[in-house]
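Colleague: The sequence isn't on hand, but the structure is:
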């Protein structure tokens with residue numbers, strides 16, 4: 001489970017990046033945080049990972065307070081960023097084995113490695129290929145395999161589909177749905193309204209550090225998420241939001 005209780009972050013310059021976030025992601029659920037740049041999505045994920053300290057409130061992973069017990073909390077979570085950091089001169093297998101050892105999973109056998117890489121949609125020819133030759137979609141697939149190797153109950157994904165081509169994005173969505181069936185609690189930040197509506201069990205719209213609305217999958221069947229998003233983005237961010245929707249609209 002992933003839980004925020006009045007989670008707040010105010011920086012030293014006075015900027016309120018996150019304002020009393022209340023959020024719960026349960027087992028077998030995908031929760032999408034939707035919002036423009038600067039809305040607080042990445043700040044929330046950084047707080048859950050312990051990259052920054054909260055000004056107030058709690059970030060809990062599997063019931064463990066990230067701020068007071070960070071090492072224990074990290075045992076229960078996997079992470080994938082928009083630009084996953086990999087070792088370009090190593091192969092996919094070598095990267096997976098290295099990060100598995102770092103995460104205390106231990107060395108990965110060839111059979112386990114191949115099974116996991118196939119599960120995330122990497123072709124067999126890529127297993128022994130240097131990662132510096134990978135496309136962004138292939139790098140993200142390897143990144144999710146690395147996040148999965150811990151077999152953690154929770155996953156945090158920060159804009160994981162940004163820049164992916166349609167085929168790579170569709171493959172990634174299929175992998176996330178499979179992880180949901182396995183009972184993972186998944187929190188994902190995204191700009192992509194259409195993928196959020198397709199994938200999420202719940203969507204939270206963020207604006208200026210606040211979660212301004214939350215909708216379930218059932219509610220979104222009756223409502224237009226695009227219209228709802230634009231309605232909440234009115235004001236200084238209206239044009240930016242309209243541009244985002246225009247770029248993401250299927251051709």
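Modeller: In hand now; what should we look at? This is a predicted model, so every value here is computed, not measured.

Colleague: Closest to the mean position in this structure, which residue would that be?
Modeller: Residue closest to the mean C-alpha point of the chain, counted by C-alpha atoms, centre = their mean, is residue 157 at 1.3 Å.

Colleague: next structured bit after the strand or helix carrying that residue?
Modeller: Using DSSP states H and E, residue 157 falls within strand 154-158. Of the helices and strands lying after strand 154-158 in sequence (DSSP H and E), the nearest is helix 166-181.

Colleague: which parts of that following helix are buried?
Modeller: 168, 169, 171, 172, 173, 175, 176, 179, 180 (16 or more other C-beta atoms under 10 Å). (Glycine included, C-beta is placed from N, CA and C.)

Colleague: what do you get for stretch 97-109?
Modeller: Residues of stretch 97-109 classed as buried under the neighbour-count rule (16+ other C-beta under 10 Å) are 97, 98, 99, 100, 103, 108.

Colleague: Stretch 73-86 too?
Modeller: Residues of stretch 73-86 classed as buried under the neighbour-count rule (16+ other C-beta under 10 Å) are 73, 74, 76, 77, 78, 79, 80, 81, 82, 84, 86.

Colleague: got those residues as JSON lines, with pLDDT and secondary structure columns?
Modeller: Output for the buried residues of stretch 73-86, formatted as JSON lines (pLDDT from 0 to 100; DSSP: H, G, I helix; E, B strand; the rest coil):
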{"residue": "73", "pLDDT": "94", "secondary structure": "helix"}
{"residue": "74", "pLDDT": "90", "secondary structure": "helix"}
{"residue": "76", "pLDDT": "93", "secondary structure": "coil"}
{"residue": "77", "pLDDT": "93", "secondary structure": "strand"}
{"residue": "78", "pLDDT": "90", "secondary structure": "strand"}
{"residue": "79", "pLDDT": "91", "secondary structure": "strand"}
{"residue": "80", "pLDDT": "88", "secondary structure": "strand"}
{"residue": "81", "pLDDT": "86", "secondary structure": "coil"}
{"residue": "82", "pLDDT": "83", "secondary structure": "coil"}
{"residue": "84", "pLDDT": "83", "secondary structure": "coil"}
{"residue": "86", "pLDDT": "91", "secondary structure": "coil"}
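
Colleague: Great, nothing more from me.
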